[in-house]
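**Student:** sequence-free structure coming up:
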C-alpha cells in the first residue's frame with residue numbers, strides 16, 4: 001500500500017476542515033521549497049549539516065502526513081486504506097529521523113545510502129500529500145457546490161412558500177367590495193335598529209331532526225346567500241330544508257340585515273348564529289381557541305368550528321356541511337338517505353393514482369403519524385360532507401380532534417394553515433366515500449373541467465384561490481355562481497360588484 005496510489009476519501013462533511021488541511025500543506029510545501037538543498041555543487045555542506053537538513057525535512061513531512069492521517073481516520077470505513085498509508089509513511093519518516101538523530105557524525109560512504117533512502121521517502125511523501133491535497137480540494141469544491149445547490153433549493157422553497165402564503169392571503173382576505181357590502185349592511189342596521197331584531201325567536205324547525213339540516217360556516221354574507229339560494233332553487237320541497245349559518249360576532253348584524261331585506265324564498269328556514277353564542281366554546285374546552293388567543297395560531301376560528309357540530313346542534317342526528325364557495329345544482333335531499341355504514345363522515349374522495357393521498361397532507365417523519373395512518377390512504381375533500389352526529393358522539397371524534405390539535409401545537413404533524421389534515425386524522429377509518437357526482441371540485445384552480453362533468457354534478461365547488469367573487473375567477477365558470485346572486489340588492493351596485 002505504501003507504494004500504490006492512495007484510496008480517495010469520501011466527501012468530508014465540512015469544507016472548512018478540508019480548507020484547514022490545505023492551508024497546512026501549502027505552508028509546509030512553502031517551507032520545504034524555501035529551504036536550501038541538502039547538497040549543492042556550488043556550496044557543499046558538511047555531513048552533520050546535511051544530516052540536520054534531512055532530519056528537518058523528514059520531521060516536517062511526518063507532521064504533515066500525521067495531520068492527514070488524523071483526518072483520514074475520521075472518514076468512513078472506505079478510507080481505512082488511505083489512513084494506513086499515511087500512518088505507515090509517517091512512522092517510517094519518524095523512524096528515519098530518529099536514526100539520523102542517533103548518528104550525528106557519519107563517514108561519507110555511510111551517509112550516501114541513508115541520504116538516498118531519506119530523499120526517496122520524502123519524494124514519495126510529497127507525491128502522496130499532493131495527491132491527497134488534490135482529492136481534498138476536489139471534495140471541497142464538491143462540498144461548496146453542494147452547499148450552493150442546497151442554498152438555492154432552500155431559497156426556492158422559501159419563495160414557493162411565500163407564493164402560496166400570498167395566494168392564500170389574496171384568496172382569504174376580504175375584497176374591498178365585500179368589505180363595503182358588510183359596512184353598508186351594518187349602516188342600514190344602525191339607521192333603523194327597530195327594523196332588525198337582535199335575537200329573533202327561534203323556529204321549531206331549527207331543532208327538528210326530521211328536516212334536512214345544513215351547516216355553513218362563513219364570514220362572507222354574499223357567498224352564504226348564494227349557497228342558500230342555489231340549494232333552495234334546486235330543492236323539490238324547500239320547506240323541508242334548514243340552513244344554520246354560523247359566523248363571527250362582528251359579521252352577524254350584516255347577515256341579519258341581508259336576510260331581513262332579502263328573505264330566503266320558497267319557505268326555506270335560515271338560522272343565523274354567532275359562534276360567541278355557544279357557551280362551550282372557550283379556551284378551557286377548545287385547544288384551537290386557546291392556541292389562537294395565546295398567539296400560537298394565526299387561523300380563522302370559523303374554519304375550525306366544523307369540529308363542534310354535535311355540540312352546536314345536540315338535537316340533530318344528521319347534518320350536511322356545505323362550504324361557502326359551493327353552488328348547489330340538484331336536490332340534496334338524497335344525502336339523508338345515503339347509508340354511511342355506521343361511519344361518521346360521508347365525503348367524495350379526491351385521490352387518483354399516487355396523488356392526493358395522506359402522505360401529501362401529513363408529516364410521516366413523525367412517529368405518531370407513521371404509527372396511526374397509512375400514507376397511501378385516499379384523501380377526501382371538504383365541501384359537501386354528510387355527518388352522522390350520533391356516530392360522531394359515539395366515537396368521540398371531537399375529543400380525538402382535540403388530541404391531535406394539542407400534538408400539533410408546534411406545527412410538526414401538518415401545516416396548521418390548512419384545516420383538511422385535521423379532518424383526515426379525526427375521521428380516519430370513519431369516512432364513507434360518496435359518489436363523485438355529489439361533489440365536483442376544482443373550479444377555483446382547474447380551468448379544464450369538462451362541461452359534462454359540471455352539468456352532472458349535484459354541487460360544484462370553487463375550491464382554490466380563484467373564487468367566483470374575485471376578479472381572478474375563471475370566466476368560463478363565473479356565470480355558474482353569479483346567476484344565483486340577488487342583483488336586486490341595492491348595496492351590490494353601490495359597492496361596485498362586477499356581476
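**Tutor:** Structure's in. What do you need? Given the structure is predicted, the values throughout are model-derived calculations rather than measurements.

**Student:** mind listing the helices for the stretch 151-300 of the chain?
**Tutor:** Per DSSP state H, counting those that start in this stretch, the stretch 151-300 of the chain has helices spanning 176-191, 221-234, 252-261, 287-293. These are given in chain order.

**Student:** Can you give the contact residues for the first one?
**Tutor:** Taking Cβ atoms under 8 Å, 6 or more residues apart in numbering as the criterion, the residues outside helix 176-191 that touch it are 174, 195-196, 220-222, 251, 253-254, 256-258, 261, 469, 491-492, 494-497. For the C-beta atoms, the positions are set from N, CA and C on the backbone; glycine is no exception.

**Student:** make it 6 Å
**Tutor:** Counting by Cβ atoms under 6 Å, 6 or more residues apart in numbering, helix 176-191 makes contact with 196, 253-254, 257-258, 491, 495-497, all of which sit outside it.

**Student:** Can you pick out the most distant pair from these?
**Tutor:** Of all pairs drawn from those, the widest gap by Cβ to Cβ lies between 196 and 496 and measures 24.7 Å.

**Student:** When these two are compared, which one has more neighbours?
**Tutor:** Remark: of residue 196 and residue 496, residue 196 carries more neighbours, 17 against 9, as counted by other Cβ atoms under 10 Å.

**Student:** For that one, grab phi and psi.
**Tutor:** For residue 196, the backbone dihedrals (degrees, to the nearest 10) come out as phi -130, psi 110.

**Student:** how close does it sit to residue 219?
**Tutor:** Using Cβ to Cβ, to the nearest Å, one gets 18 Å for the distance from residue 196 to residue 219.

**Student:** Break down the protein into its strands, ranges please.
**Tutor:** All strands of the chain, identified by DSSP state E, fall at 212-217, 241-247, 269-274, 318-322, 326-328, 345-347, 384-388, 431-433, 440-441, 459-461.

**Student:** which strands and helices sit next to the fourth one?
**Tutor:** Here strand 318-322 touches strand 212-217, strand 384-388, going by 3 or more Cβ pairs under 6 Å, 6 or more residues apart in numbering; DSSP states H and E.

**Student:** Tell me which strands that strand pairs with, and in which orientation.
**Tutor:** Strand 318-322 has the following strand partners under DSSP bridges: strand 212-217 (parallel), strand 384-388 (antiparallel).

**Student:** next one: that strand to chain centre, how far?
**Tutor:** A distance of 29 Å separates the centroid of the chain from that of strand 318-322, by Cα atoms, centre = their mean, to the nearest Å.

**Student:** With residue 475 as the reference, measure out to the residue nearest the centre of the chain.
**Tutor:** In the chain, the C-alpha closest to the average C-alpha coordinate belongs to residue 415, at a distance of 5.2 Å (Cα atoms, centre = their mean). To residue 475, residue 415 is 31 Å away according to Cβ to Cβ.

**Student:** and what of residue 289?
**Tutor:** When distances are taken as Cβ to Cβ, residue 289 and residue 475 turn out to be 40 Å apart.

**Student:** Tell me how many other residues crowd residue 253.
**Tutor:** Each residue near residue 253 was counted by other Cβ under 10 Å, and the total is 20.

**Student:** OK, contacts around it?
**Tutor:** When contacts are counted by Cβ under 6 Å, 6+ apart, residue 253 touches 186, 189.

**Student:** Likewise for residue 229?
**Tutor:** For residue 229, the contacting residues are residue 484, by Cβ under 6 Å, 6+ apart.

**Student:** picking that back up, so which of the strands of the chain gets nearest residue 230?
**Tutor:** Shortest separation from residue 230 across the strands of the chain is recorded for strand 326-328, at 4.4 Å, computed as Cβ to Cβ.
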